[in-house]
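A.B. asks: let's see this in three dimensions:
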Amino acid sequence: MGNQLPKVVVSVPMEVLEKVVKAYPGLPPEEALRQYLLDSLRGEVPEVRDVGMGTSPISKEDISKLQRSIMDLLNPYTAKLDDLSRRLGTVIEILENLAERISSLENSLKEVKEGYAPRVEAPHEVKHRERKSALDFLREQKVMFESDITGRIRNRDAFFERLRRGGAIVLELSNERVAVDPDFWDEFKKRLSELTSNLDRDILRVLGKAGAALLKALMHDAQVYYDATRKKWVLLIKEKK
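C.D. replies: Numbers count the residues shown, from 1 in each chain. Got it, this is the predicted structure:
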């Protein structure tokens, strides 16, 4: 039952059917009509000049009548196919969105499971985490030097760009980039403006370990200097936001 082909019935005007049958002598009406349709699709419409009393050759008007009959039959099916195509497209879109959500859920579950593991992440593992985690790591470290992650993160350009888009301060030095937590950067500039000494012990006491390392990198790049006359530090670099 399921292997049976659908049966299609075409209503053909009698005068057209008579001309089609005359064009294919010896064939039953349904076979003559089928052959005519096949020849028409190939552009081989037969010319009938003497088909008997009271008839005339197959004309363009006859062809139009037959085409209209066929189209009247096929139009409902065409509309159903168009509707089915639209629905299929909607189903595919839903399935694709569902696949993305499942993938996201699997990644989230994996991160939750890993979160229970009693281990401490190393800095190089930042490359395996999302942007939020990288920013959290920077917030903890305060300062991140490109020289410290060389060889651990393959695409450092993309990494620093993600940090910048997330709100981090990216300092472009001559030999490397330095990412700084924005809150720490504001605090660093405030403390530097209050620092009236260039002695190492005073720098470490006022700026802290991360601030002293940042100041050293800026000094090496001539982006900051100490004015001994005014006993003030002058910051020259412009951060890239």
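A.B. asks: so what's the residue count around the nearest residue to Q223 once chain neighbours are set aside?
C.D. replies: Excluding its sequence neighbours, the residue lying closest to Q223 (C-beta to C-beta, 6 or more residues apart in numbering) is I237, at 3.9 Å. (C-beta placed from N, C-alpha, C; glycine too.) Number of residues near I237 (other C-beta atoms under 10 Å) recorded here: 14.
A.B. asks: can you classify I237 by secondary structure?
C.D. replies: Following DSSP: H, G, I helix; E, B strand; the rest coil, I237 is assigned to coil.
A.B. asks: look up the closest residue to G166, ignoring the ones flanking it.
C.D. replies: L135 (4.7 Å).
A.B. asks: the one you found touches R164, doesn't it?
C.D. replies: No - applying C-beta atoms under 8 Å, one finds L135 not in contact with R164, separated by 10.5 Å.
A.B. asks: ok, now which ones touch the residue lying closest to E146 once chain neighbours are set aside?
C.D. replies: In this structure, E146 finds its nearest non-sequential neighbour in E176, 4.0 Å apart by C-beta to C-beta, 6+ apart. Contact analysis of E176 by C-beta atoms under 8 Å, 6 or more residues apart in numbering lists 145-147, 217.
A.B. asks: okay if I get these as JSON lines plus pLDDT and neighbour count?
C.D. replies: JSON lines is the format used below for those (pLDDT from 0 to 100; neighbours: other C-beta atoms under 10 Å):
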{"residue": "F145", "pLDDT": "93", "neighbour count": "17"}
{"residue": "E146", "pLDDT": "92", "neighbour count": "18"}
{"residue": "S147", "pLDDT": "90", "neighbour count": "12"}
{"residue": "A217", "pLDDT": "93", "neighbour count": "19"}
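A.B. asks: pull the most distant pair out of those residues.
C.D. replies: Greatest spatial distance in the contacts of E176: E146 and A217, 10.3 Å, computed using C-beta to C-beta.
A.B. asks: find residues that contact each of the two.
C.D. replies: 176, 178.
A.B. asks: can you show me the helices along the chain?
C.D. replies: 14-23, 29-41, 60-115, 131-141, 146-149, 156-165, 182-194, 200-220 (DSSP state H).
A.B. asks: closest to L171 out of these?
C.D. replies: That would be helix 200-220 among the helices of the chain, by C-beta to C-beta, at 7.7 Å.
A.B. asks: related to what we said a few turns ago, tell me which of L135 and R164 has more neighbours.
C.D. replies: When neighbours are counted by other C-beta under 10 Å, L135 comes out ahead of the other of L135 and R164, with 21 against 16.
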